[in-house]
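A.B. asks: With the input below, show me the fold.
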Amino acid sequence: MGNILMSIIAEVIRFYTLIVVANAILSWFIHSQKNIAVRRIYWITNQLVDPVLSPIRQVLSPMTRNFGIDISPFILIMFLQILKGMLS
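C.D. replies: Predicted structure coming up:
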């Protein structure tokens, strides 16, 4: 029973990681995109990802303010991969 639960959690983490990656990629193109479907996908992924990224951004903000790039998705993906590895 425990192995099944661990497998399900690992798959949820994998799927959430894909959502984070999709959101990060879409964030680069959304401002020049007029396609409604792409904007909706970005909005949905943003609703799923932003509550987790906001605390990371708050912690990183003083250190990364001058970078000009948001590294919080990268930090979240690293954390998710560590968490997934701990489940294995």
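
A.B. asks: neighbours around residue 38, how many?
C.D. replies: Neighbour count of residue 38, defined by other C-beta atoms under 10 Å: 13. (Each C-beta comes from the backbone N, C-alpha and C, glycine too.)

A.B. asks: ok, now which ones touch it?
C.D. replies: 26, 29, 30 (C-beta atoms under 8 Å, 6 or more residues apart in numbering).

A.B. asks: now this structure, which segments are flagged as low pLDDT?
C.D. replies: By pLDDT under 70, the weakly predicted segments of the chain are 1.

A.B. asks: quick one, helices of it?
C.D. replies: Counting by DSSP state H, the chain has helices at residues 2-29, 36-64, 72-87.

A.B. asks: what separates the first one from the chain centre, distance-wise?
C.D. replies: So that's helix 2-29. Relative to its parent chain, helix 2-29 has a centroid offset of 8 Å by C-alpha atoms, centre = their mean, to the nearest Å.

A.B. asks: try the last one
C.D. replies: Chain-centre distance of helix 72-87: 10 Å, with C-alpha atoms, centre = their mean.
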